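Colleague: from the sequence below, what's the structure:
(one chain, ligands or ions: 1)
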Amino acid sequence: FLRLPQQSLAHLIDHYAKYPPTGLTMKRIVEFAREGDAKQSYLFLRNELPVRLASMMKEMGHLPPRLLEMPSVKTVNGWYGTSLTELHTFKELPATGDSVKKFTEVLQNIRKRHSTVIETLAQGYMEFSDQAAIKEYEESQIQYFLNRFYLSRISIRLLIYQHTMCFGEEVPIHPTHLGFVDPNCLVEEIIKDAFENAQFLCEGYYLTAPPLELRKINAVNAEEPIAIAYVPSHLYHIMFELFKNSMRATVEHAESKKISTPLPPVVVDVVKAKEDLTIRISDRGGGIPRSKADKIFRYMYSTAPRPVSLVDSQHSGPTPLAGFGYGLPISRLYARYFNGDLEIHSIDGYGTDAYIYLQAVEDQASEWLPICNRAAYEYYVSRKYQSDWTKKK
Ligand SMILES: O=S(=O)(c1ccc(O)cc1O)N1Cc2ccccc2C1
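Modeller: Below is the predicted model:
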């Protein structure tokens, strides 16, 4: 037989991107971590990871050509291509101890290779915006893409961590953890950890920080601690980000009022009910007007070139809580990944409430993933961005 022409990368992408991703529920992930084995994981991931990588590579192709020319964007595209090609070599390989061991090593290399994807794409965006003004439709295409691309990346990294920690040499952080997931994640502990670390940063910079006021209600079982099956590092990331925002707002707002009363606390309410686990973070940091509130979930919004010196005159060192960076949009992706959400409700002149909603029931918490299908393609080509309403005043 003629040897099949060397599978070009474009063929690989088209082959795998044809399939929709297979989303897992938190229930399935926990069960599999308990009862699954390395071979079953290998047989699932050697197809599922290429499907998720290829889908995002195909979708990247719909971005403005000028953006795809940016060196940093080409670099990220290169990493995805290399990883897809490496995983594809396992396509026909039978699941033996040796092939599974090699596969696990490949996953660890992929995780390391992709560790700076977010910063590198941000660099690519800056290169793009330095080159020429970004049109409105390009901006909305890029925001649409980055939410899908980063959500897909969160999911790929979770699947890799689960495999390497359950079936590789890597040991879970806590003996009770099942890989990267904790079947009994004590929410209050993570909230306190995140608050203490954010407070340490805040005190280091502002020489002061607001106190925490934590209130909790377990509406399902009053005596039980509030716990759900979740990814501790995802919850920590969300809380740490929101606490940094609230602390900065609280301190800077108090300073601006020139009166030196004690700082108002950051109040956190945690309520576990039948369906939702809700965490509300309330600060009295002066809030944000509605005219600006719609921008805080934008990538790059506040990475606009900062004042020349990162050192703020009144305080020492770079502003560790500077701007919003990517913290809010990425935190919202973490919350939405397992069918939760993150909402910001602000009262201009008073303060802001951040609501985090998580699924309290494992089989309702299923991966929320982008599907690279016709609808997505339509979005890129149809210029849906064109507003069909008069401009806001
Ligand atoms: O926009 S905010 O209301 C705000 C946004 C998100 C959040 O989690 C908490 C918040 O408080 N806020 C952030 C910030 C930073 C410096 C100075 C003033 C403010 C006001």
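Colleague: so is stretch 260-269 next to the ligand?
Modeller: No. Counting by CB under 6 Å from any ligand atom, no contacts exist between stretch 260-269 and the ligand, the nearest distance being 9.2 Å. C-beta here means a position set from N, CA and C on the backbone, and glycine is covered the same way.
Colleague: which residues are contacting that stretch?
Modeller: 191, 195, 208-217, 243, 246-247, 250-251, 254, 278-284 (CB atoms under 8 Å, 6 or more residues apart in numbering).
Colleague: can you rerun that using 6 Å?
Modeller: Contacts to stretch 260-269, defined as CB atoms under 6 Å, 6 or more residues apart in numbering, come from residues 210-215, 246, 250, 254, 280-284.
Colleague: so of these, which ones are in strands?
Modeller: Counted as lying in strands by DSSP state E, out of the contacts of stretch 260-269, are 212-215, 280-283.
Colleague: determine which two of the residues you listed are furthest apart.
Modeller: Arg215 and Asp283 (14.7 Å; CB to CB).
Colleague: which stretches in the stretch 251-393 of the chain count as strands?
Modeller: Using DSSP state E, counting those that start in this stretch, the strands assigned to the stretch 251-393 of the chain run over residues 266-272, 276-283, 341-347, 351-359.
Colleague: state the mean pLDDT of the last one.
Modeller: Averaging pLDDT along strand 351-359 gives 98.
Colleague: and what of stretch 16-33?
Modeller: Mean predicted lDDT for stretch 16-33 stands at 96.
Colleague: now that stretch: buried residues?
Modeller: For stretch 16-33, a neighbour-count test (16 or more other CB atoms under 10 Å) marks 16-17, 19, 21, 24-27, 29-30, 32-33 as buried.
Colleague: the residues you listed into CSV, with extra columns for secondary structure?
Modeller: CSV is the format used below for the buried residues of stretch 16-33 (DSSP: H, G, I helix; E, B strand; the rest coil):
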residue, secondary structure
Tyr16, helix
Ala17, helix
Tyr19, coil
Pro21, coil
Leu24, coil
Thr25, strand
Met26, helix
Lys27, helix
Ile29, helix
Val30, helix
Phe32, helix
Ala33, helix
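Colleague: what's the farthest-apart pair in these?
Modeller: Ala17 and Val30 (29.3 Å).
Colleague: let me see the ranges of the helices in the stretch 251-393 of the chain.
Modeller: Assigned by DSSP state H, counting those that start in this stretch, the stretch 251-393 of the chain shows helices spanning 290-293, 327-337, 374-382.
Colleague: what ranges of the stretch 201-350 of the chain fall below the confidence cut-off?
Modeller: Scanning the stretch 201-350 of the chain for pLDDT under 70 picks out the ranges 301-324.
Colleague: contact residues of it facing the ligand?
Modeller: Residues of the stretch 201-350 of the chain lying near the ligand (CB under 6 Å from any ligand atom): 242, 245-246, 248-249, 252, 283, 285-288, 296, 344, 346.
Colleague: try it again at 8 Å.
Modeller: 241-242, 245-246, 248-250, 252-253, 281, 283, 285-288, 292-293, 296, 321, 324, 328, 344, 346 (CB under 8 Å from any ligand atom).
Colleague: buried members of the residues you listed into PyMOL, please.
Modeller: Buried residues within these, by 16+ other CB under 10 Å, are selected in PyMOL with:
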select buried, resi 241+242+245+246+248+249+250+253+281+283+285+286+287+288+296+321+324+328+344+346
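Colleague: show me where the stretch 101-250 of the chain has strands.
Modeller: Taking DSSP E, counting those that start in this stretch as the criterion, the stretch 101-250 of the chain carries its strands at 182-186, 212-218, 227-230.
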